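**Q** Task: produce atomic coordinates for the following.
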Amino acid sequence: MRTLRHVLLASTVLLVTAACGSSGDGSGAASSQAGALDMVGSWQLASGSTASGEMPLVPDAPVTLEVAADGAVSGRSACNQYSGTATVDGASLTFGPLATTLMACEDAVMVVESAYQQALAQVDAGARTADGLVLTGPDVELVFAPVG
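**A** Below is the predicted model of the structure:
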């Protein structure tokens with residue numbers, strides 16, 4: 001069973017990495033363009049939805065996103081740690097490539113992780129709100145609250 005989880009997780013990582021290919025030369029860091037989305041900071045996923053419905057969240061397995069001014073991103077996707085880049089180009093936002101650790105966790109946590117990684121791969125826009133950060137894409141909405 002644990003081997004099957006590793007295989008499924010590795011497959012998900014490959015899909016996320018392939019789907020999140022970075023566009024451009026990385027010069028559109030997370031907040032470098034005038035008037036562009038500023039995602040710099042520490043965030044925790046408060047809610048998320050996809051075409052399949054609301055993403056389940058597990059309180060003891062938070063989903064986090066850390067964004068640096070140079071576009072470097074990292075965080076915890078419920079079970080595993082991930083890192084990579086985010087590029088803002090006008091109204092467009094892309095993540096990738098993303099690397100992740102390959103640990104297995106309880107089934108409920110792995111469901112959250114898989115849903116988050118698949119949703120993040122579909123993100124193509126974002127906005128700061130009074131309460132946090134909202135990332136969106138086709139049939140995806142990820143709502144983050146600031147941490148700290």
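**Q** Would you agree residue 135 falls within a helix?
**A** No. Residue 135 sits outside any helix when classified using DSSP: H, G, I helix; E, B strand; the rest coil, being strand.
**Q** I'd like to know how far it sits from residue 60.
**A** Distance of residue 135 to residue 60, given as CB to CB, to the nearest Å: 23 Å. Where you see a C-beta, it was placed from the backbone N, CA and C, and this is true even at glycine.
**Q** more crowded one of those two?
**A** residue 135 (26 against 8; other CB atoms under 10 Å).
**Q** Pull the contacting residues for residue 61.
**A** 76, 78-79, 105, 109, 112 (CB atoms under 8 Å, 6 or more residues apart in numbering).
**Q** dump the residue contacts of the nearest residue to residue 76 once chain neighbours are set aside.
**A** Leaving aside its chain neighbours, residue 76 sits nearest to residue 64 (4.8 Å; criterion: CB to CB, 6 or more residues apart in numbering). Contact partners of residue 64, counting by CB under 8 Å, 6+ apart, are 42-45, 75-76, 147.
**Q** pLDDT weak spots in the chain?
**A** Within the chain, the segments meeting pLDDT under 70 span 1-35.
**Q** And the strands in it?
**A** Remark: strands assigned in the chain by DSSP state E are 41-50, 53-54, 64-67, 72-76, 81-89, 92-95, 99-100, 125-128, 133-137, 140-146.
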